[in-house]
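Visitor: test case, fold it:
(chains A, B and C)
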Amino acid sequence: MSDKQHLYLVDGSAYIFRAYHRLPPLTNPEGTPVGAVYGYTTMLWKLAEELHKANGPTHLAVILDKASKSFRNDIYEDYKANRPPPPEDLVPQFPLIRDATRAFSLPCIEEEGLEADDIIASYARAATRKGWDVTIVSSDKDLMQLVGTCAENKDDPEFPGGGCVDMLDTMKNQRIGPEEVADKFGVPPEKVGDVLALMGDSVDNIPGIFGVGPKTATKLIQEHGSLAAALDAAPDMKKSKLKERLLEGREMAELSRILVALKEDAPLPMPMEDFRLNEIPPQPLIDFLSTHGFSSLLKRVEAGTGSPARPTELNPAKADRDKEAAPSSPEGNRQPLPDMPAVDRSAYICVQDEATLEDWIARAFAAREIAVDTETSALDAMGADLTGISLAIGPNEACYIPLGHGGSDMFAEKPAQVPLERAVALLKPLLESDAVLKVGQNIKYDINVLARHDIALAPIEDTMVLSFDLDAGRSEQGIGGGHGMDELSERHLGHTTMKFKDVCGTGKKAIPFGEVPLDKATEYAAEDADVTWRLYQHLRPRLAAESGTRIYERVDRPLIPVVAGMEREGIRVDRDALARLSQEFSERIAGLEKDIHEIAGEEFTIGSPKQLGAILFDKMGYKGGRKGKSGQYSTDQAILEKLAAQDAPIANKVLEWRQLAKLKSTYTDALQAAINPRTNRVHTSYSLVGAQTGRLSSTDPNLQNIPIRTDIGRQIRKAFVPEKGNVLLAADYSQIELRLAAHMADVPPLKEAFDKGEDIHARTAEELFGTVDRDTRARAKTINFAILYGISRWGLAGRLGVEADEAQAMIDRYFERFPGIQRYIVRTLEEVREKGFSETLFGRKTWFPRIGSKNQNERQGSERAAINAPIQGTCADIIKRAMARMMPALTEAGLGHVRMLLQVHDELVFELPESDVKAASTVIERIMGEAALPAVSLDVPLAVEIGTGASWDDAH
DNA sequence: TCGTTCACG
DNA sequence: GACGTACGTGAACGAG
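Guide: Model (predicted):
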């Protein structure tokens, strides 16, 4: 063996992320998640075993990221700003990485202000300069810049041979040398930095050049030789998108080049000679492995099969820094509102006695406008218990009233609190007083919590709904659709709120809010009320200024208590019927599975599109082609149906298997689990801000997608039943979106057909094709829907199974027969481009910030959505208006006991005594049919179809 | 977490 | 120059 030294540099931080996603979520005997640590440990093990082997390590060190900020943030403050926080069950594993490294008696290097990549680069350079070889254990593309022979040393007699750098991906067990890098990037390693600078990196938030991806970046560097040359050549390129982008993005690319460059001259925290890898002392390793229950590795140590050992001293000073606090999130630096002091959590009061509570109630009455927030033991308003209430009456004037704190530890003393009953009795007049406005963030939740204590919270305002009515579509999608309090606070107040998880923890270690110490609970809860109060002051004036008053006051705000009531009602489901279905589906699934495996000739996971694709197209040789950027075969319904038509018996079996598996997991199993034990009914939760168009959405469980289109699926609908003596009544708007399109786009022939109660698709077929038969009617129906969704010739062609030319001809014909439709589309798009938003007949706005995007896909997607939004949104407005008026109208007719249970976009479901069906139907039909009036007078009638029965299915 | 698939309007 | 192509949702699952 030669004397050549070989330094292994392990990129520990990057490794653990990959290990986390690759390995199952193991926990150690104490319940701490250790899956990623296990992966890391086995990797070190493997590397240690390589000692003494040819090309194995003589020296080894683990390099870790110290903190999230580095010198790159000084150059570009948004560097890594897009990084999502690490998963919660990974966080506790970070310190364990150091424990594991120490258990192997290996050095662990980390340095403030430097990323692991920079430390690795600096060691690699220093080592190659001495003629050592270096292997970087990582698969990070940034590090690929370092791969290769260190040319500068090659001819230097002092360092015979020069040092080589390669990389090792231990997960794929793959060496990455210059050729592999060239394969991946199309350029040699020393030019990888130029390519990276052009393409950017969304995860690290390296800007790169917009619209330039890996392919284009590679091509540019190949052609011009370097980033600088490519940028210099831009002015002489022929006119193209790319040229514009290069000219526009020059600065960003140059900045990116600096960001992706690795720092190769950082001071080395420890001489690399100290990284010498020796036999590993067994005891620390044994201790570590047994603590975490890694028994198979433990056995191998004890059997003496693994013991390289001790390098130099560890770095004991670093151990103390393990528990470094997470870096605080970047403070939003927007101005606070004028005349409002900054949020000061120390000003909040914890109310623990009656006298103080009475004082706050008196002040709240005087304030006339207060924010209210309830804290509960869990997230589900129907199942959770009240833990406390906070009130805010002005900026920093907020209190928290604990009502259910302590109690889980029976030996600990409960904190002093006003007894729940007493507090509720004192607060009720305030919370129900017409003279005091109660503002909440998602106040529907608080309404439902308080309703269980016989408090009818009113009158109300909701900052979440306000934000939605002003800004729907403006922000990125996310939890709360961009209307969550933390986001709103950041955006409008420039204030970073305390996060629930910082107070209660997350995952297994999470504690209920009632176990949070009162000082901390007060800071958190009172801040929520304070921030809500401030947001209201900020958002409410915008309503009038931005013409949002109409939709908020006339449609959305009145709906809040109505939807809250529907959620509290819930709907009964027949548990036994669902259990029988689950059983039946299980058996049929098992049978199909057997058949499918038999036909395939092997066992595989049918639910894995990847495996299924491999079986169908690789093994069995059916034609079907690749699809999607993942390079995976598509196996969706349309493809399988094509295969079935090609006489592939396996396809039908898979289709049936899919259907049954879906129905079982999503419906028959899940719905049984969703039955509330207190009420014995299923209570969905509606989101008022869930869909950008103004529709509601339904979650936990979603009751807006219960099957209806197939017989087997309808079995599930049969399990939705009334209480004994009652029936379910379903009232549907018939063809409401087409009716609205006919009105809004002014299409006389369609309006006339609706007026006369004709079959609208038949009428369309008549207009388009001159004849009506099954085929032309079906085509006309498809086209009608295509219009509502923003048509494209390719989309229509795909649906109709014709060529794009033919589809285009039909579209042309449609526009010719119904010129109003084309005018509507043009007008709508012009308006959206000009103003940035679309509007419904009732003034609901939906913003389309990407309508002017340079990205064709993005832009056209926005255009289609913008064509659809006014129609879908107007439909949502209309049924919302009907819902808000429904119970008062029924009550006036002496039918106050009729219960409105569900909304499914164009349908309302009620439960009522059979004897009231006739009277109630009259009221329901009238309220729904007249819902647009008096604000809007439609040119088409709104037809309502009503059915009743002993189940939701029977009601259709 | 992401992509795929599929349930609904 | 290729790609993916109808609008709006939510849930489950496999894979990395």
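Visitor: what parts of the stretch 751-900 of chain A come near DNA strand C?
Guide: A:782-783, A:785-786, A:789-792, A:794-796, A:798-799, A:856-857, A:860-861, A:864-865, A:868-869, A:872 (Cβ under 7 Å from any atom of the strand). (Each C-beta comes from the backbone N, C-alpha and C, glycine too.)
Visitor: distance check, A:A398 against DNA strand B.
Guide: From A:A398 over to DNA strand B the distance is 31 Å, taken as Cβ to the nearest atom of the strand, to the nearest Å.
Visitor: A:L493 now?
Guide: With distances taken as Cβ to the nearest atom of the strand, A:L493 is found 25 Å from DNA strand B.
Visitor: show the pLDDT at that residue.
Guide: Per-residue pLDDT puts A:L493 at 94.
Visitor: from memory it sits against A:H538, does it?
Guide: Yes: the pair A:L493 / A:H538 is scored as a contact, 7.1 Å apart, by Cβ atoms under 8 Å.
Visitor: more neighbours, these two?
Guide: Set A:L493 next to A:H538 and count neighbours by other Cβ atoms under 10 Å: A:L493 wins out with 23 against 19.
Visitor: which of the helices or strands spans the closest residue to A:F468 other than its chain neighbours?
Guide: Of all residues not flanking A:F468 in the chain, A:V689 sits nearest, at 4.0 Å (Cβ to Cβ, 6 or more residues apart in numbering). Per DSSP states H and E, A:V689 falls between elements, in no helix or strand.
Visitor: surely A:V689 touches A:H483?
Guide: Yes: counting by Cβ under 8 Å, A:H483 is a contact partner of A:V689 at 4.9 Å.
Visitor: more neighbours: the two, which one.
Guide: Taking neighbours as other Cβ under 10 Å, A:V689 and A:H483 compare with A:H483 leading, 29 against 23.
Visitor: neighbouring contacts of stretch A:584-591?
Guide: A:E656, A:W657, A:L660, A:A661, A:L663, A:K664, A:T668 (Cβ atoms under 8 Å, 6 or more residues apart in numbering).
Visitor: quick one: is that stretch near DNA strand C?
Guide: No: Stretch A:584-591 does not reach DNA strand C (Cβ under 7 Å from any atom of the strand); its nearest approach is 10.9 Å.
Visitor: okay, now the nearest residue to A:E567 once chain neighbours are set aside: neighbour count?
Guide: Nearest residue to A:E567, sequence neighbours excluded (Cβ to Cβ, 6+ apart): A:H683, at 5.5 Å. A:H683 has 24 neighbouring residues, counting by other Cβ under 10 Å.
Visitor: what's the answer for A:D647, then?
Guide: For A:D647, the neighbour count with other Cβ under 10 Å is 7.
Visitor: got it, and the one 3 residues further on?
Guide: Residues within reach of A:I650, counting by other Cβ under 10 Å, total 23.
Visitor: and what of A:G624?
Guide: Residues near A:G624, counting by other Cβ under 10 Å, number 17.
Visitor: doesn't A:E641 make contact with it?
Guide: No: counting by Cβ under 8 Å, A:G624 stays clear of A:E641, with 11.5 Å between them.
Visitor: what are the ranges of the strands in the stretch 151-300 of chain A?
Guide: Using DSSP state E, counting those that start in this stretch, the strands assigned to the stretch 151-300 of chain A run over residues A:164-169, A:174-176.
Visitor: those: which one's closest to DNA strand C?
Guide: Smallest distance to DNA strand C across the strands of the stretch 151-300 of chain A (Cβ to the nearest atom of the strand): 11.6 Å, for strand A:164-169.
Visitor: so which of the contacts of stretch A:584-591 belong to helices?
Guide: Secondary structure assignment by DSSP state H places A:E656, A:W657, A:L660, A:A661 of the contacts of stretch A:584-591 in helices.
Visitor: ok, and of the residues you listed, which contact DNA strand C?
Guide: A:A661.
Visitor: now do the helices in the stretch 601-750 of chain A.
Guide: Counting by DSSP state H, counting those that start in this stretch, the stretch 601-750 of chain A has helices at residues A:609-613, A:637-645, A:649-662, A:669-673, A:711-717, A:736-744, A:748-755.
Visitor: which residue does the stretch 151-300 of chain A have closest to DNA strand C?
Guide: Among all residues of the stretch 151-300 of chain A, A:K241 sits closest to DNA strand C, at 6.2 Å; criterion: Cβ to the nearest atom of the strand.
Visitor: flag the shaky bits of the stretch 301-450 of chain A, pLDDT-wise.
Guide: Scanning the stretch 301-450 of chain A for pLDDT under 70 picks out the ranges A:304-338.
Visitor: and the residue of the stretch 651-800 of chain A found nearest DNA strand C, how many neighbours?
Guide: Using Cβ to the nearest atom of the strand, the single residue of the stretch 651-800 of chain A nearest to DNA strand C is A:A786, 2.1 Å away. Around A:A786 there are 20 other residues, counting by other Cβ under 10 Å.
Visitor: ok, it touching A:A797?
Guide: No: at 10.3 Å, A:A786 and A:A797 do not qualify as touching, with contact defined as Cβ under 8 Å.
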